[in-house]
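Asker: Model the following, please.
(chains A, B, C and D)
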Amino acid sequence: MTAVRTPTLAAAKLVFQRDMTLAWRRWDEVAQPLIFYVVVTTMFPLATTPDLSALRVIGGGVVWVAALLASLLALEALFRADVEDGTTEQWVLSGQPLGYLLLAKVAAHWVLTGLPLVIMSPIVGTGLGLPTSVWGVLMSSLLLGTGTLSILGGIGAALTVGVRRGSVLLSLLVLPLAMPLLIFGSRAVSMQMDGDSPAGPLQLLAAIFFMALSLGPIAMSAAIRISVEN
Amino acid sequence: MDLQTFFEMGGYAGYVWTSYGLTALILLWNWWAARRFEAEAQLAARRRNELALERTA
Amino acid sequence: MSWTWFHKLASPPHAYRILGSLAPWFGWASLALILLATWWGLVKAPADYQQGDGFRILYVHAPSAWMSMFTYVVMAVAAGVGLIWRIKLAHAAAAACAPIGASFTFLALATGSIWGKPMWGTWWVWDARLTSELLLLFLYLGYMALRASFDDPQRADRASAVLALVGVINVPIIHYSVNWWSTLHQPASVTKFDKPSIDLAMLIPLFLMIAGFQLYFGWAVSRRLRGEILRRERNANWLKEAA
Amino acid sequence: MVVDGALFEAREINAWRGDRHILRDVSFSVRPGEFLKVTGPNGVGKTTLLRVICGLLPAEGGELLWRGKSIRGRRDEFNFELGHLGHLNSLKGDLTARENLKFLAGLRTTLTAQTIDATLDRVGILSRGDLPARSLSAGQKRRLALARLLLADAALWILDEPVTNLDTAGIRLVEELIVDHLEHGGLAIAAAHQRLLDDAPCLRRLELEP
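Answerer: Numbering: from 1, shown residues only, chains lettered A, B, ... in the order given. Got it, this is the predicted structure:
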């Protein structure tokens, strides 16, 4: 039997497909961050004021904070099951570049959690008094921001996978690193609302995303190798 | 310049002296913590050595 | 070129001994410089024409803010060296840096806040520099929490090294984003530390204090590094002659 | 200097677990067609040795050679020729047996439905191919993990307690698979407590001492 070695891209695709298949069979777990997102944003009008014109001032920020927290919540268990059942071990030994496999896994995770948050954001934003004119900016900033956060969170999840009380630790590690996303993202929304061009912060978000995309896999594979050593 | 005006710091006495006091405190804490850290590590290493000697003996 | 000198320097017993003989020099020099700078800053330097004597807080605030950044960079470089060339001593150095850096960051935050009270009228203002320091403190705390959560020092070393490298890439981005954010929100009239129009007589104690803090850092790192070396040595037979 | 005809060689491997110096200068070599059985009491470092070979644990000192060359800096190449069966079966309970092979063994080699079915048949669980791995018995899960090993098409097998959870027929299957692998020029290194190919001519022993 002479076998053909799987090309890296096909291998990454398999990892992506596998996670989609698994999520399909556990759809309830996928829905949880989304529900969390909606519930958290509901708390702000209740805690402050139902006046939409007042909520509008902080609306962009609230949507952004809630989105960050919701996707971070889902990231905690990203690698846990795979490390515990020995799947990541086999990935390390597959002869494929580990970083790409992990990036494919993070991509699947983003499609399952980040993307629904982005799609949901206009509805949530409307509840916070955000006008339809900012929908485009809100969604595109969240698109770039949640993508970056998935990679940052992937690094954090890979580092904390074998650790006691990993979930709190993960937030402590990742949230400070995610502050620039929050600043640029929520600022882009309010600039659009004030009639300024949000191009600047959006470009910065894109730059950060591509940086995370190129450097993230290296950090993730280093972190997973450490976590697999047991 | 007399001592009284020096300690008053032009009305900023509370702020200035708190800042310098805090700095001294942090530096002293670091001094103490670093020394203790080193001493504890030395003690632990010595104990490990003794254990290893006992085992070989 | 041979690397033997390097390996000799990086060998635990050798490094342990060298650090032990260096530390007192660092210690006494830093004590002298810090005392000199304190006297100069509190007594000799003239008061600021705008801020009066409250300005003297700067002499401890600015050096500790500088040390907080400096230490993070040193820590990340050491972590990177340890991760790439698998040098235990470098990992140990990174571990030694973290608590010192965190304490300087805390000091910069506290003194900045004390300075802000008479200048701004409140204990806390979301000023770019203070906010950056706060985020830096979070980075230090995360680093130390991650390190503490591993039982095996080798794994702790490498995991925290990855975090330190990710962090050090992020620090300029955080810094830039916070600056950008604060210029959008704050009126320019607020007094800042950034470019105080001070003359040389006021700058000398500042530089003296920075130098003193650097030497103090050298002392504290030497002490802690010796401890970290011992922790990582599984049979320190050389300890008897060294201690 | 390379040991005559050896495809895989370990030279003076040292490894620590925490404070314990668990492997001290372990050296051995394996030729094509040889089965190296690593034995010794619990905690002597059998698993550690196998994991060091796989690169899942860092060694401190020592060198691994594959086809006469050090594997340092060529890990991915070496990994592709290495098939690993660990304590864990690396299975996903929510995926069927077929899907498990497709998504994990498929990372290494391009698989067709026929090769997957043939392999499932070889390890005797073809009829369970569409059941979720969760509902397989412990022995069947082990067989599924063996199928993954077969599909890896690796020259060097690293087996950590391969016959755990297997009945007599299962143990005979593992022996057959190993012998078949060796006859095709493969190598195998295994840690095992039970009898495994104990009288076979291809067997060599490596006794680890505490």
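
Asker: what's the average pLDDT for the longest helix anywhere in chain B?
Answerer: Ordering each helix of chain B by length in residues (DSSP state H) puts helix B:13-56 first. The pLDDT scores in helix B:13-56 average 89.

Asker: cool, stretch A:97-117 as well?
Answerer: For stretch A:97-117, mean pLDDT is 95.

Asker: again with stretch A:38-56
Answerer: 90.

Asker: what does stretch A:191-198 give?
Answerer: According to the model, stretch A:191-198 has a mean pLDDT of 90.

Asker: Ends of it, what's the gap?
Answerer: Stretch A:191-198 has an end-to-end distance of 6 Å (CA to CA, to the nearest Å).

Asker: Write out the residues of chain B neighbouring chain C.
Answerer: B:1, B:6, B:9-12, B:15-16, B:18-20, B:22-23, B:26-27, B:29-31, B:33-35, B:37-38, B:40-42, B:44-46, B:48-49, B:52 (CB under 8 Å from any CB of the partner chain). Every C-beta, even on glycine, is put in place using the N, C-alpha and C of the backbone.

Asker: What subset of these is buried?
Answerer: Using 16 or more other CB atoms under 10 Å in any protein chain shown as the burial test, the residues of chain B next to chain C include B:9-10, B:12, B:15-16, B:19-20, B:22-23, B:26-27, B:30-31, B:33-34, B:37-38, B:41-42, B:45, B:48-49 as buried.

Asker: show me where chain C has strands.
Answerer: Using DSSP state E, no strands are found in chain C.

Asker: Around chain D, pick out the residues from it.
Answerer: C:Asp151, C:Asp152, C:Gln154, C:Arg234.

Asker: Quick check: A:Val111 vs chain C, distance?
Answerer: A:Val111 sits 23 Å away from chain C, going by CB to the nearest CB, to the nearest Å.

Asker: residues contacting the closest residue in space to that residue that isn't next to it in sequence?
Answerer: Nearest non-adjacent residue to A:Val111, counting by CB to CB, 6 or more residues apart in numbering or on different chains: A:Met20, 7.5 Å away. Residues in contact with A:Met20 (CB atoms under 8 Å, 6 or more residues apart in numbering or on different chains) are A:Ala108, A:Val111, A:Leu112.

Asker: Make TSV out of the residues you listed and add secondary structure.
Answerer: Shown next, in TSV, are the contacts of A:Met20 (DSSP: H, G, I helix; E, B strand; the rest coil):
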residue	secondary structure
A:Ala108	helix
A:Val111	helix
A:Leu112	helix
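
Asker: Nearest to C:Arg224, out of the residues you listed: which one, please.
Answerer: Using CB to CB, A:Ala108 comes nearest to C:Arg224 of the contacts of A:Met20, at 42.8 Å.

Asker: which strands and helices sit next to the longest helix of chain B?
Answerer: In this structure, helix B:13-56 packs against helix C:58-85, helix C:88-120, helix C:200-232, helix C:239-242, with contacts taken as 3 or more CB pairs under 8 Å, 6 or more residues apart in numbering or on different chains; DSSP states H and E.

Asker: Spatially, and excluding backbone neighbours, which residue is closest to D:Pro41.
Answerer: Closest residue in space to D:Pro41, ignoring its immediate chain neighbours: D:Pro210 at 6.7 Å, by CB to CB, 6+ apart.

Asker: Check the one you found and give its pLDDT.
Answerer: Note for D:Pro210: predicted pLDDT of 75.
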